[in-house]
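Enquirer: Fold the following for me, if possible:
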Amino acid sequence: MEKEIKHILETIFNNAHIDINEIIIEILEKEHKLLINIQLKEASLFIGKKGDVLRSFDLLFKAYIQNKTKEFWIVDVDINNYKMEHYKKIKEIAKKAAHRALVLKTPVRLDPMNAKDRRLVHSELTLYPDLISESEGQDPDRCVVIKHL
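Expert: Now for the predicted structure:
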C-alpha cells in the first residue's frame with residue numbers, strides 16, 4: 001500500500017510540475033494510522049489557505065485506505081511541516097490562555113477553531129488540574145472557553 005500511496009502523490013505533484021524533495025510514509029497498522037510527510041520545493045498551492053488543501057489530502061487518503069482495508073483509519077498528511085508548526089502554535093496559545101485563566105481566575109475565550117485544533121487545546125489543558133475547558137458556539141464560530149475551578 002505504501003508504494004501505491006507514493007505513486008499517487010508523485011503523479012499529483014509531477015502533473016502539477018512541482019519538485020518533490022522527499023515523501024515519507026509511515027503506516028501504523030495496529031493503530032490504524034497513516035502518516036505522510038512530504039517535502040516540496042513549492043508547497044503553498046498544496047497547503048492552501050489555513051491548510052484547507054492539506055486537509056483535503058487527509059480526506060483523500062483516508063477514503064483511499066479505508067476503501068482498501070474496509071476499516072477506519074486516522075490519516076495525517078503534512079507538507080513542509082506546516083501542520084507540525086501549526087500544532088506547536090495551537091499548543092502555545094493553549095498554554096498562554098491557561099496561564100491567563102489561572103492568574104485572573106476568570107473564563108478565557110479563545111478565537112474560533114476547527115475541531116482538530118479545539119481537540120488539541122482540550123488535550124493540552126489536561127495538564128492543568130485547576131482548569132476545565134469547554135467548546136461553545138456553532139461552527140464556524142465554535143471556540144474553546146477555559147475556566148478556573
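Enquirer: All the strands of this protein, residue numbers only.
Expert: For the chain, the strands defined by DSSP state E cover 20-28, 33-40, 74-79, 108-109, 131-136, 143-148.
Enquirer: and the fifth one, which strands flank it?
Expert: What that stands for is strand 131-136. Here strand 131-136 has these sheet partners by DSSP bridges: strand 143-148 (antiparallel).
Enquirer: what comes up buried for the strand it pairs with?
Expert: 143-146, 148 (16 or more other CB atoms under 10 Å). Any C-beta I mention is one placed from the backbone N, CA and C, and that applies to glycine too.
Enquirer: Repeat that for stretch 34-53.
Expert: 34, 36-38, 40, 43, 46-48, 51.
Enquirer: picking that back up, same list (the strands of the chain) but as TSV, adding distance to Thr11.
Expert: Shown next, in TSV, are these (distance: least, CB to CB, whole Å):
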stretch	distance to Thr11
strand 20-28	11
strand 33-40	13
strand 74-79	15
strand 108-109	44
strand 131-136	39
strand 143-148	39
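Enquirer: can you put these in CSV and add mean pLDDT and distance to Leu60?
Expert: Formatted as CSV, the strands of the chain follow (pLDDT from 0 to 100; distance: least, CB to CB, whole Å):
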stretch, mean pLDDT, distance to Leu60
strand 20-28, 96, 14
strand 33-40, 96, 11
strand 74-79, 95, 8
strand 108-109, 98, 34
strand 131-136, 97, 27
strand 143-148, 97, 28
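Enquirer: quick one, which of those strands is nearest to Met1?
Expert: strand 20-28 (6.6 Å; CB to CB).
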